[in-house]
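Trainee: need coordinates for the below:
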Amino acid sequence: MTTPASPQNSPATPSLSERVQSLRMPDAGSMPARGSSSIVPWTLCAVLAVATAFFAIRGGGVASTDEPKEEDLEAALLAKLDPSKAPKGKDGAAMPSSSRSQEPAGPIALESKGYIIPVHQIQVSPKVGGMVMELNIEEGMQVKEGFILAKLETTDYQADHDRAVGVATAAKARWQELWKYREDEVKQVKADFDEATHQRTQLLSDWKRSVDLRRDLALSPKEFEQAESQYRAMESRMERLRLTFELIKKGPRDEKIAAAKAEWDQAEADFVKAKWKLDNTTVRAPLAGTILSKKAEKGNMINPAAFSNGLSASLCEMADLSDMEVDLAIAERDISKIYKGQKCQVRPEAFPDRQYTGEVSRIMPTADRSKGAVPVRVKIDIPREEEGQFLRPEMGAVVTFYTKGNNAPPAKK
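Mentor: Reported below is the predicted structural model:
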């Protein structure tokens, strides 16, 4: 028989290893007979399961402010073996072994992954259709506003323009004719009337002499009739010139003037339209930015109204890559942590050593039911000289949102 150890030599509390050792299965000679009930194997399985769970928590990356201690593992083992010895909470109920106090996360409110997109991405399409005769773009090219991207065929548009110029010029001349030479026309009609007046006086004198000669039988009837006819005709012509002179002094009718002005306005409108079409055969960049994709090649037919007839509807896509934002889908349970103007830090996954400051620019008014999330946009502060160098559309980025009153640390470059 083994003598018990003295109290001063035995430890006050058995260690964990001794407790586990005491749970070892007895030798085959001391095992109870087949069929007898024993809970030792099941107890050992439970202990191993609990130990495995604790080590998995320790090595699996679960957020915890402290490393698991031997006392915690021992308490969990005791709670499994004897529930009455489990640690109690403030309300006297058993405290779950996984509940551990965690320290606040500091100024960080939330982290989420999104994708970088341009704030304004433009699909450049010509305003008129035609064949591409000249193409001056390549993917990745940076262009200034007004840069000539392409030129289209101009034959039809040039002909329409020249025709419109001729029609407008003629209509303008017809309208000006009613006013521009009015004074000269009045003088001309006045001169004709004066001439007719003098001729009438002369013919009147000739007719009177013919009457005297006819009375003396010195003039033949034919000559007398001719003298009278010429005088009467001149009187009628003088009356017609008198009426014409009065009308021309008054000016043309209002209706005629209005009709001529309307014809000129219509011709001017056709001219403006023809010139607009001709000018738009030269396609220019609507803003300064980078060519993202090229949709056509030299020789292609482009029609901005084309859909499914085999023609291209656009020339290229471009965007200002210094004006970028991150598109995120924030879960509904976390959207209360986000507010407009919130300071953020953006870290592109392709360049984790580069960090950019940003802020929440938009919180979309409608949630996405399928994702259970609310779309949020974070504007990135990108220097103009870094346009298109590091951040590109559709790249992934991790955004760190900071709590109110805390600003993001300076960006690392």
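Trainee: for the stretch 151-300 of the chain, give me the ranges with low pLDDT.
Mentor: 181-182, 251-253 (pLDDT under 70).
Trainee: for it, just list every one of the helices.
Mentor: 155-177, 182-215, 221-250, 254-279 (DSSP state H, counting those that start in this stretch).
Trainee: for the stretch 301-413 of the chain, what spans make up the helices?
Mentor: Under DSSP H, counting those that start in this stretch, the stretch 301-413 of the chain gives no helices.
Trainee: ok, back up a step: save the helices of the stretch 151-300 of the chain as CSV, and put in distance to residue 110 too.
Mentor: From N, CA and C alone the C-beta is placed, and that goes for glycine too. Converted to CSV, the helices of the stretch 151-300 of the chain look like this (distance: least, CB to CB, whole Å):
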stretch, distance to residue 110
helix 155-177, 56
helix 182-215, 82
helix 221-250, 85
helix 254-279, 51
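Trainee: format those as JSON lines; extra columns: mean neighbour count and distance to residue 384.
Mentor: Below are those laid out as JSON lines (neighbours: other CB atoms under 10 Å; distance: least, CB to CB, whole Å):
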{"stretch": "helix 155-177", "mean neighbour count": "15", "distance to residue 384": "37"}
{"stretch": "helix 182-215", "mean neighbour count": "14", "distance to residue 384": "63"}
{"stretch": "helix 221-250", "mean neighbour count": "14", "distance to residue 384": "69"}
{"stretch": "helix 254-279", "mean neighbour count": "15", "distance to residue 384": "31"}
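Trainee: among those helices, which is nearest residue 46?
Mentor: Closest approach to residue 46 among those (CB to CB): helix 254-279, 85.1 Å.
Trainee: show me what that closest one is packed against.
Mentor: helix 155-177 (3 or more CB pairs under 8 Å, 6 or more residues apart in numbering; DSSP states H and E).
Trainee: can you get me a residue count around residue 326?
Mentor: If you count neighbours by other CB atoms under 10 Å, residue 326 ends up with 28.
Trainee: 639 is where my numbering starts, stick with that
Mentor: Noted, 639 is the first residue going forward, which turns the last one into residue 964.
Trainee: do you know the pLDDT at it?
Mentor: Residue 964 is assigned a pLDDT of 96 by the prediction.
Trainee: pretty sure it contacts residue 1016?
Mentor: Yes: assessed by CB atoms under 8 Å, residue 964 is found in contact with residue 1016 at 4.4 Å.
Trainee: circling back: so which of the helices of the stretch 789-938 of the chain is nearest residue 1031?
Mentor: Taking those one by one with CB to CB, helix 892-917 is closest: 31.3 Å.
Trainee: CA atoms of the longest strand anywhere in the chain as PDB?
Mentor: Under DSSP state E, the strand in the chain containing the largest number of residues is strand 746-756. Extracted C-alpha coordinates of strand 746-756, given in PDB (Å, rounded to 0.1, in the frame of the first residue of the first chain):
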ATOM      1  CA  ILE A 746     -12.400  52.500 -36.700                       C
ATOM      2  CA  ALA A 747     -16.200  52.200 -37.200                       C
ATOM      3  CA  LEU A 748     -16.300  49.700 -40.100                       C
ATOM      4  CA  GLU A 749     -14.200  48.100 -42.800                       C
ATOM      5  CA  SER A 750     -15.700  46.900 -46.100                       C
ATOM      6  CA  LYS A 751     -14.500  45.900 -49.600                       C
ATOM      7  CA  GLY A 752     -15.700  47.600 -52.800                       C
ATOM      8  CA  TYR A 753     -14.700  48.300 -56.300                       C
ATOM      9  CA  ILE A 754     -13.200  51.500 -57.800                       C
ATOM     10  CA  ILE A 755     -15.300  53.200 -60.400                       C
ATOM     11  CA  PRO A 756     -15.100  56.600 -62.200                       C
END
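Trainee: pull out the buried positions in that strand.
Mentor: Residues of strand 746-756 classed as buried: 747, 748, 750, 752, 754, 756 (neighbour count, 16 or more other CB atoms under 10 Å).
Trainee: and the pLDDT at the closest residue to residue 972 other than its chain neighbours?
Mentor: Excluding the flanking residues, the one nearest residue 972 by CB to CB, 6 or more residues apart in numbering is residue 748, at 5.5 Å. pLDDT for residue 748: 93.
Trainee: can you give me every residue that contacts residue 748?
Mentor: 968, 972, 975, 976, 1038, 1039 (CB atoms under 8 Å, 6 or more residues apart in numbering).
Trainee: with residue 838 instead?
Mentor: Counted by CB under 8 Å, 6+ apart, residue 838 has contacts 869, 872, 873, 876.
Trainee: just put those residues in CSV and tack on distance to residue 860.
Mentor: Shown next, in CSV, are the contacts of residue 838 (distance: CB to CB, whole Å):
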residue, distance to residue 860
869, 15
872, 19
873, 21
876, 25
